[in-house]
Every structure is written in C-alpha cells, then in structure tokens.
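K.L.:
quick one: sequence plus predicted model below, questions after.
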Amino acid sequence: MLRKTIILMLSLALCAAPAFGQYLGQVQIQTVQAQLALNTTCTGNPQTFLTSGGIPNFINIGQTFHQASATSAASTFTIEIDGIDVANNIVRISNPTISYQPSTSITGYVAQGSGYYPNIQVTVTCTAAATFSLTYSGSTGGGTPIIATPGTVPTVTTGGVAGNVQGILPPGLNGISVNPLILGALQPAINGQVATMGIDTFSSTSGPFINTGMTGNLFVANPPQPSPSSGAFAVAFYGPVISIGGSSIVAPWVCQSGGSCSATTTFNVATLANYTTKNTLAEAVTNGGGLAFGTQMISFAKTATLAGIQVRSANNATLTVTTGDTLLVGFSCLGAVQVCGVTAVTDTQGNKYFQLGGVALGFNLGSGNNNPITIYAAKATASGANTVTVTETVGGPSIGFLDMSNITPAPLNAPNGPLFESNRIFQANEDDNGTLFAGPGAFDLTQTVTLGAAGTTTFPMWAQTQHGIFYSCTVSLRVTAASGTTPTLDTFLQDSGDNVGFNDRMHFPQATTTGNFLGAVSGGVGGITPVATTDGSLAASTKVDGPLSAFGRMKFIVGGTTPSFSIVYNVACR
C-alpha cells in the first residue's frame, strides 16, 4: 500500500511541473542591408567583401535572395555574388552584371543571386584607379526579381533598370524570353548604355557577296526588330558596293553619303523613316565587281534628324554639333585581311563613345578584302566644331561621322538574347536552334538576276552553322528573257558541309527560252544512300533527297554564243 502511494505522488508531481519548449530564436523574416564599400579605389583585380561586414565566421541568418548594387565611373565593372558553404567552398550564385545610367558621370550596376549558404560574399572587379561604392541587400523568401510586368513596355527611369531582365519579356520587343537558371536572373538590355541617346536597337550582318558580272537587285540586309510599333528610324552603314557598271540604292531607303550610294572606296550611309523589318536594304547593281562586305544598322525609337554627315577615306572627320545630339561613328578598315583592330575612339569634346554590337565581317577573298564595319555612339556634351578620330592597328581606314538631332530617350529594349527565327542574312552571334542541339530552321529568298555571258555563276544562300537544319527546300524558277545564239541555262540547287565542296541536290531541266520551272527536295523516308556527289553535273530533272547541310547556294551554268538570261527565282526551305 505504501509503495503504491509513493508512485502515485511522484506521478502527480511530474504532471504538475511546468513544461518548457526548445527556443527557436527570432522566427520573422530576416533582412540584411550593408554598405560594403564607399568611394573605394579599384585595384584592377577582384576585390572581395563579406556581407557580414568583414566577420569571417558570420553565419547567414536565413537570407536566400541576394542583390548587390554599385555605382562607378570605371570603364569596366563587374559584380559577382558568391555563396560560401560549411567547407569554405565558394560557389557563384549570381547572374551576369546589368548596367544602367543614373547620370552622365557614373554608371550603375546590379547583380542578383539566390540560394541559402552559411556566408555570402560580393566580389567586384573594375578598372584600376577608378572608385566605386557597393551595397548589399539580402532577404528570406524569394524577394522581388527585377522583371518587367507582363504586357507592359519598360521605360527609361533615372536610376532604374526597368525590364532589362530574363524571365518575362514585354511583347513586341527585340528578343525572346529566357528562362532563368536562378531566381531573379537578368540580362542587360541591348541598348542599356545608349538608350538616353534615342537608340532602340542595332544589328550586324556579314555579307552579302557581289558576284563578278552580277546585274540586278542585291539584297543587303533587313533592319532589326524595333520596340515601338511605329515611327522607328533606321540608319545603315554598309559597303563598299563595287559595281563596274554602277549601282544605286533601291527605294524607300535614302542615300545620305553622297551620290546614289555607289561608292567603291568608302562605305555608304542610308536612312529610312517609319521602317519595319520587311524594308530590306537593297542596291541595284550593274555588272558587279566581285566583293563581300558587312552591314551595321542602328534603330532610333522615333524619327531623328540628320543634322550633319561626313564620310571620307580617313580615320578622322569633323562636324559642327549641338549639345545633346547623338553622334554616330562608323569605321571600316577597307582592304585589311584581318579584323580591324580599333584601339580608341575619341573626339575634341571629350565625349564617351560606346561600341554598338559586334563587328560585321565580309568574306576573306584571299585578296585582302574583308571590310569589317564597327559603329560607335556618343552624346554630344557641347556645341561647336568637333573632330572624331578612330585609332586603329591595321587597315586602310574609311570613316563616317553623323550628327543626329531631334532625339528623345528610347525604351530599354529586350535582353540581348537569341533572335526568334532563322533568316536568310544571319546576325552576329545569332543562335536559332529550336532544340538543345539541332532544331528546324527556316529560309526564304526571292532574287532577280541577269546572266549576260557564258560561264558559271553562284549565289550564296543560307549559312546554317548552329542555326538548325532544313528538311525540305522548294525552288521556283522563271526565265523571263533569253537571247543569243543557241543559249542554254542549267540551274542547280546545292548544299555543303564546309562552304567549300558543294553537292548537287537538284538540277532543273535545261532552259533555252523563257519558261517556268518548279522543283523540291525533301528529307526523304529512307535517307540518302552513300554515294560520290557531283558539282554541276547531276543529270537534268533529277534530285537527291534528304536533310540539307549547313550551307546552300544556287549555281547557274550558261552556255552558247553571246547568251543572256533574265531570271527570277525563289527558294523556300523549312
């Protein structure tokens, strides 16, 4: 009886004791803000800052969303956000640095990252002797990535980055949405450095090639996709167009560099107001001299005024400019076998020049003709006479200097991502893959040519390296005129894996007079049986089915005495 009483008393005592839970600390959302650097001098090497304010063993209190921002006048500047795990391994968790323009004297930079790590550090690399200020913000929970609101067009705001990011793309802009790898991933707008100058977007095109003896319209390039739905204004730097019998620009484009844009020693400048991407820049060529060249196009968000222009065979040019105007400098190292090596672009006003896009290259013909064109832009900070000079390392120079007035800031354009589809004239660094490695492409070209002598003429078409593949091509051919003594015309569709050795894929019936012809090559169910290929000798009215290779061209073989053929042909591949 006594034992039961003692057990009962102990049980009651335990039940009456107060209960204690484990202390979890603060449970609300934690945020961290830190000034990591203030007017700190750049060393030219990576400079690392712990977000804990320099405490090496600091433990992150739950931040999973990280953003670093900086301002600097340095000519080069990058930010990297790193996570440090418990084994002191450093892992980069940030997207590429985005830049914007809070003022005319400094540039702002932003980087974002996500993920939980015990410690977070920010690394800055910038041009030696410049100064910078750097801040960090961290939060628990995803934070708010810098992404434009769906269905809106971002606008330029002082100190803002608007919609310059991956993830969500406002409709009608130049690019496609890019799915971010990490929360808050972003990319700079293609016009991030020049939007205040009114420049909306720009593009580079390699080629085309003017065949020796070519007569007809030479399709040079198509303008880039503008952000505005109307009112965009295009400026094109291209050429030189070597044509023994002369050439002239095709309307609606307007030549601005003198004459009819037929210069053979300097490149040409043309403009077009209220353009669309369907306004192909073209030259009417008579007896082409055989040359390849590049094209650079710049799009303004609204109609601009060409207040002054000088194009000359030199590395410098002078114009009288007005404060606030946008200055465009086109430079070509004509005759240089290698790429033009530009080391500096300066002017007597001390304006800061930004390079637009990549270098547009022509083909190296083995005779020194490469003709790259590079474009630079600056905002005039003063009025009066201004001389711009391009310092180059190689090549005989040609320069075009433009003063554009009536400028208003452009909206920040979409991320500089892959373009939306294949096209017949490829842009620099364009990647049109529909899937991870190879997807379907698209190609369409209509061209009018006159072949005025016996011999072989080829016209390059697609150059699909890294741009997908074609499963079929349809070719329609119309001979509109034929003359001479017993004239003959053999037409071939060809492809190539290296742009050197070509394979016959289709040979039309031989034409001796006017007529219409149609043919198609398809992917084929059974593929292609391995055979030795031909170049210009496939039997007439035959074809070789199967997917087409990376390069394509049309080949015309004209025979007879004083023959002449006028031809309109279309090639459509899918």
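P.N.:
Perfect, thanks for sending it. Numbering: from 1, shown residues only.

K.L.:
CA atoms for contacts and neighbours, from now on please.
P.N.:
Fine.

K.L.:
which SSE is immediately downstream of the helix or strand of the chain with the lowest mean pLDDT?
P.N.:
Least confident helix or strand of the chain, by mean pLDDT, DSSP states H and E, is helix 2-16 with a mean of 45. Remark: after helix 2-16, the chain's next helix or strand is strand 31-41, criterion DSSP states H and E.

K.L.:
where do the strands of the stretch 351-500 of the chain begin and end?
P.N.:
For the stretch 351-500 of the chain, strands defined by DSSP state E, counting those that start in this stretch occupy the ranges 354-360, 373-379, 384-392, 396-405, 443-451, 455-463, 473-496.

K.L.:
for T64, find the nearest of those.
P.N.:
The closest of the strands of the stretch 351-500 of the chain to T64 is strand 354-360. By Cα to Cα, the value is 35.1 Å.

K.L.:
so where do the helices sit in the stretch 51-200 of the chain?
P.N.:
Using DSSP state H, counting those that start in this stretch, the stretch 51-200 of the chain contains no helices.

K.L.:
where along it do the strands fall?
P.N.:
Using DSSP E, counting those that start in this stretch, strands in the stretch 51-200 of the chain cover 65-72, 77-84, 90-92, 98-100, 107-114, 119-126, 131-139, 199-210.

K.L.:
so what does whatever helix or strand comes next after the last one touch, helix or strand wise?
P.N.:
The reference is to strand 199-210. The C-terminal neighbour of strand 199-210 among helices and strands, as given by DSSP H and E, is strand 215-221. In this structure, strand 215-221 makes packing contacts with strand 199-210, strand 281-285, strand 443-451, judged by 3 or more Cα pairs under 8 Å, 6 or more residues apart in numbering; DSSP states H and E.

K.L.:
deepest of the strands of the stretch 51-200 of the chain, which one?
P.N.:
Counting by mean count of other Cα atoms under 10 Å, strand 199-210 has the highest mean neighbour count of the strands of the stretch 51-200 of the chain, with a mean of 26.

K.L.:
now do the buried residues in stretch 557-567.
P.N.:
557-560, 563-567 (16 or more other Cα atoms under 10 Å).

K.L.:
number of residues surrounding I309?
P.N.:
21 (other Cα atoms under 10 Å).

K.L.:
wait, a strand at it?
P.N.:
Yes. I309 sits within a strand when classified using DSSP: H, G, I helix; E, B strand; the rest coil.

K.L.:
nearest residue to it in space, ignoring adjacent ones along the chain?
P.N.:
Among residues not flanking I309 along the chain, L402 sits closest, at 4.5 Å (Cα to Cα, 6 or more residues apart in numbering).

K.L.:
just to revisit the earlier point, to A37, which of the strands of the stretch 351-500 of the chain lies closest?
P.N.:
Checked against Cα to Cα, the stretch from the strands of the stretch 351-500 of the chain lying closest is strand 354-360, at 27.1 Å.

K.L.:
tell me the mean pLDDT over that closest one?
P.N.:
The average of the pLDDT scores along strand 354-360 is 65.

K.L.:
which of the helices or strands spans the closest residue to V269 other than its chain neighbours?
P.N.:
Spatially, and ignoring its direct neighbours in sequence, V269 is nearest to F237 (4.7 Å; Cα to Cα, 6+ apart). Assigning secondary structure by DSSP H and E places F237 in strand 233-239.

K.L.:
sheet partners, orientation included, of that strand?
P.N.:
Strand 233-239 sits in its sheet next to strand 268-273 (antiparallel), strand 291-300 (antiparallel), going by DSSP bridges.

K.L.:
point out the most buried one among those.
P.N.:
Per-stretch averages of neighbours, counted by mean count of other Cα under 10 Å, single out strand 291-300 among the strands paired with strand 233-239, with a mean of 27.

K.L.:
how far off strand 215-221 does it point, in degrees?
P.N.:
Strand 291-300 and strand 215-221 are oriented at 50 degrees to each other (axes from the mean of the first three to the mean of the last three Cα atoms, to 10 degrees).

K.L.:
correct me if wrong: T71 contacts S133.
P.N.:
Yes. T71 is in contact with S133 according to Cα atoms under 8 Å; the separation is 5.6 Å.

K.L.:
and of the strands of the stretch 351-500 of the chain, who's closest to N274?
P.N.:
strand 396-405 (16.0 Å).

K.L.:
so what strands line up beside that closest one?
P.N.:
strand 305-312 (antiparallel), strand 326-334 (antiparallel).

K.L.:
pLDDT on the longest one, on average?
P.N.:
Averaged across strand 326-334, pLDDT comes to 85.

K.L.:
return the distance of it from the chain's centre.
P.N.:
18 Å (Cα atoms, centre = their mean, to the nearest Å).

K.L.:
again, but for stretch 314-330
P.N.:
Distance of stretch 314-330 from the chain centroid (Cα atoms, centre = their mean) equals 24 Å.

K.L.:
so where's the stretch 451-574 of the chain shaky on pLDDT?
P.N.:
Counting by pLDDT under 70, the stretch 451-574 of the chain has low-confidence residues at 463-469, 498-499, 524-529, 531.

K.L.:
let's see 80
P.N.:
457-471, 497-500, 523-533, 547, 549-551, 574 (pLDDT under 80).

K.L.:
leaving out sequence neighbours, find the closest residue to T457.
P.N.:
Per Cα to Cα, 6+ apart, closest to T457 is F556, 5.3 Å.

K.L.:
separation between that neighbour and M461?
P.N.:
Taking Cα to Cα, to the nearest Å as the measure, F556 falls 14 Å from M461.

K.L.:
now A263
P.N.:
Distance, A263 to M461, using Cα to Cα: 25 Å.

K.L.:
ditto for Q447
P.N.:
Distance, Q447 to M461, using Cα to Cα: 11 Å.

K.L.:
so for those two, which residue has more residues nearby?
P.N.:
Neighbour tally, Q447 and M461, criterion other Cα under 10 Å: the higher count belongs to M461, 19 against 14.

K.L.:
report the contact partners of the more buried one.
P.N.:
424, 445, 551-554 (Cα atoms under 8 Å, 6 or more residues apart in numbering).

K.L.:
so can I have TSV of those showing distance to F517?
P.N.:
Below are the contacts of M461 laid out as TSV (distance: Cα to Cα, whole Å):
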residue	distance to F517
R424	22
L445	16
F551	23
G552	19
R553	17
M554	14
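
K.L.:
most neighbours among those residues, which one is it?
P.N.:
Comparing the contacts of M461 on neighbour count, G552 comes out first with 22 neighbours (neighbours: other Cα under 10 Å).

K.L.:
isn't it right up against F492?
P.N.:
No. Using Cα under 8 Å as the test, G552 is too far from F492 to be in contact (10.7 Å).

K.L.:
for the closest residue to S204 other than its chain neighbours, give the beta-bridge partners.
P.N.:
Excluding its sequence neighbours, the residue lying closest to S204 (Cα to Cα, 6+ apart) is Q296, at 4.7 Å. Q296 has these beta-bridge partners by DSSP bridges: S204, F237.

K.L.:
how near is Q296 to S541?
P.N.:
Counting by Cα to Cα, the gap from Q296 to S541 is 41 Å.

K.L.:
how many neighbouring residues does N45 have?
P.N.:
Residues lying near N45 (other Cα under 10 Å) number 12.

K.L.:
residue contacts, the closest residue to it other than its chain neighbours?
P.N.:
Using Cα to Cα, 6+ apart and skipping the chain neighbours, the partner closest in space to N45 is T125 (5.7 Å). By Cα under 8 Å, 6+ apart, T125 lies in contact with 42-47, 76-79.
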